[in-house]
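Visitor: just coords:
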């Protein structure tokens with residue numbers, strides 16, 4: 001390959017790489033106005049969006065009124081919840097999301113969970129997100145809380161916790177994962 005051909009090839013490869021990086025940009029904190037539901041969050045969100053009106057009306061009340069199970073939260077710290085990634089699909093129009101998402105955030109604050117390991121994805125009433133995440137994560141109901149380790153799902157909580165407490169369901173998922181890991185190491 002001569003020098004000119006090599007330069008053209010490398011330039012073309014660089015441009016294609018840059019274009020594919022551009023296509024990977026994720027819009028964060030998208031808000032839409034709907035006829036039936038008014039303002040609605042859609043797609044990837046930061047926790048701060050939930051603290052803004054009109055979402056703060058339900059978020060702050062539920063967050064502040066929820067009493068966490070301190071014993072379970074201490075166990076979550078010991079079991080290293082912060083070493084897991086959490087993906088939360090929610091609907092700002094959904095009563096279950098209004099209840100469970102603020103409670104989850106309070107639990108995560110209690111264990112000093114790193115915000116960069118949390119992915120919040122708001123969906124519309126059809127359970128669709130702009131980036132197609134509903135298909136990637138098989139979201140059929142909201143909220144759905146997915147617990148991942150090394151990019152692999154190890155458990156999920158759908159709509160409401162089976163035990164009645166998110167922190168207990170999270171602990172069960174993590175303990176099951178840690179038990180499986182210990183069995184592998186034997």
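Guide: Ah, there it is. It should be emphasised that the depicted structure is a prediction, and the values quoted were computed from it without experimental measurement.
Visitor: From now on I want contacts and neighbour counts done on CA atoms only, so please keep to that.
Guide: Fine.
Visitor: Quick check: the gap between the residue nearest in space to the middle of the chain and residue 160.
Guide: Computing the C-alpha centroid of the chain and ranking residues by Cα atoms, centre = their mean puts residue 87 first, at 2.5 Å. Distance check for residue 87 against residue 160: by Cα to Cα, to the nearest Å, it reads 15 Å.
Visitor: Kindly report the same for residue 57.
Guide: For residue 57, the distance to residue 160 under the criterion Cα to Cα works out to 20 Å.
Visitor: Just want to know which of these two has more residues nearby.
Guide: Using other Cα atoms under 10 Å as the criterion, residue 57 and residue 160 rank with residue 160 on top: 18 against 13.
Visitor: three-state assignment of the more buried one?
Guide: Going by DSSP: H, G, I helix; E, B strand; the rest coil, the secondary structure assigned to residue 160 is coil.
Visitor: can you pull the contacts of it?
Guide: 96, 100, 143, 166 (Cα atoms under 8 Å, 6 or more residues apart in numbering).
Visitor: need those residues in CSV with distance to residue 151, can you?
Guide: CSV is the format used below for the contacts of residue 160 (distance: Cα to Cα, whole Å):
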residue, distance to residue 151
96, 26
100, 24
143, 20
166, 21
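Visitor: circling back: so what's the residue nearest to the centre of the chain up against?
Guide: Under the criterion of Cα under 8 Å, 6+ apart, the neighbours of residue 87 are 118-121, 144-148.
Visitor: Likewise for residue 82?
Guide: Contact analysis of residue 82 by Cα under 8 Å, 6+ apart lists 111-114, 117.
Visitor: Angles on the backbone of the residue nearest to residue 117 when sequence neighbours are not counted, please.
Guide: Take residue 117 and drop its neighbours on the chain: the residue closest to it by Cα to Cα, 6 or more residues apart in numbering is residue 85, 5.0 Å away. Taking degrees, to the nearest 10, you get phi -100, psi 140 for the backbone angles of residue 85.
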